[in-house]
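Chemist: Make a model of this:
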Amino acid sequence: MAQFDVYENPSKTTRNHYPYIVDIQNPVISDIATRLVIPIGNMAMFKGEYMTKLTLEVEFNTKKYILLTPQIASMPSKRLKNPVGTIKHLRADIIASIDFAITG
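Modeler: Residues are numbered from 1 along each chain as shown. Presented below is the predicted three-dimensional model:
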């Protein structure tokens, strides 16, 4: 598992609103059974109601989404299968959004 890999949301219940999940955990922490993740939401579901420093606009597979940093969570690593892409090019922005959530 690589940091900033994107996975299809394994939950059929929430996949319509949050089609993807991004793994943000550093690979140094690999001995635990969970990964830190942030859901990626459909832009249309949020009707422009988001904070640009906290919830980043992400383009993935030619569509625009929202990285929902306030919904950071842990997930069993076994639920994350076969990455569908990466957003590692947004590393600095993702870390800045996490920092903003913590320090303001």
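Chemist: in stretch 36-50, what counts as buried?
Modeler: 36-43, 50 (16 or more other Cβ atoms under 10 Å). All C-beta atoms are positioned from the backbone trio N, CA, C, and that covers glycine.
Chemist: With stretch 16-29 instead?
Modeler: 18-25.
Chemist: mean confidence score for that stretch?
Modeler: Averaging pLDDT along stretch 16-29 yields 94.
Chemist: for that stretch, how far is the first residue from the last?
Modeler: End-to-end distance of stretch 16-29 (Cα to Cα, to the nearest Å): 30 Å.
Chemist: what does stretch 19-36 give?
Modeler: Distance between the two ends of stretch 19-36: 17 Å, counting by Cα to Cα.
Chemist: Tell me the gap between it and the middle of its chain.
Modeler: On the basis of Cα atoms, centre = their mean, to the nearest Å, stretch 19-36 sits 10 Å off its chain's mean C-alpha point.
Chemist: For the chain, just list every one of the strands.
Modeler: Assigned by DSSP state E, the chain shows strands spanning 5-8, 20-23, 34-42, 55-60, 63-68, 73-76, 85-86.
Chemist: what's the angle between the fourth one and strand 63-68?
Modeler: Inter-element angle recorded for strand 55-60 and strand 63-68: 140 degrees (by axes from the mean of the first three to the mean of the last three Cα atoms, to 10 degrees).
Chemist: what's the model's confidence in strand 55-60, averaged?
Modeler: Averaged across strand 55-60, the pLDDT comes to 90.
Chemist: partner strands of that strand, parallel or antiparallel?
Modeler: Paired strands of strand 55-60, with direction, are strand 63-68 (antiparallel) (DSSP bridges).
Chemist: which residues sit against the partner strand?
Modeler: For strand 63-68, contacts defined as Cβ atoms under 8 Å, 6 or more residues apart in numbering pick out 18-20, 22, 38-43, 46, 50, 55-59, 87, 90, 94, 97.
Chemist: How far away from the center of its chain is the helix-or-strand element of the chain with minimal mean pLDDT?
Modeler: Here the helix or strand of the chain ranked lowest by mean pLDDT, DSSP states H and E is strand 55-60, holding a mean of 90. Mean-position distance between strand 55-60 and its chain equals 9 Å (Cα atoms, centre = their mean).
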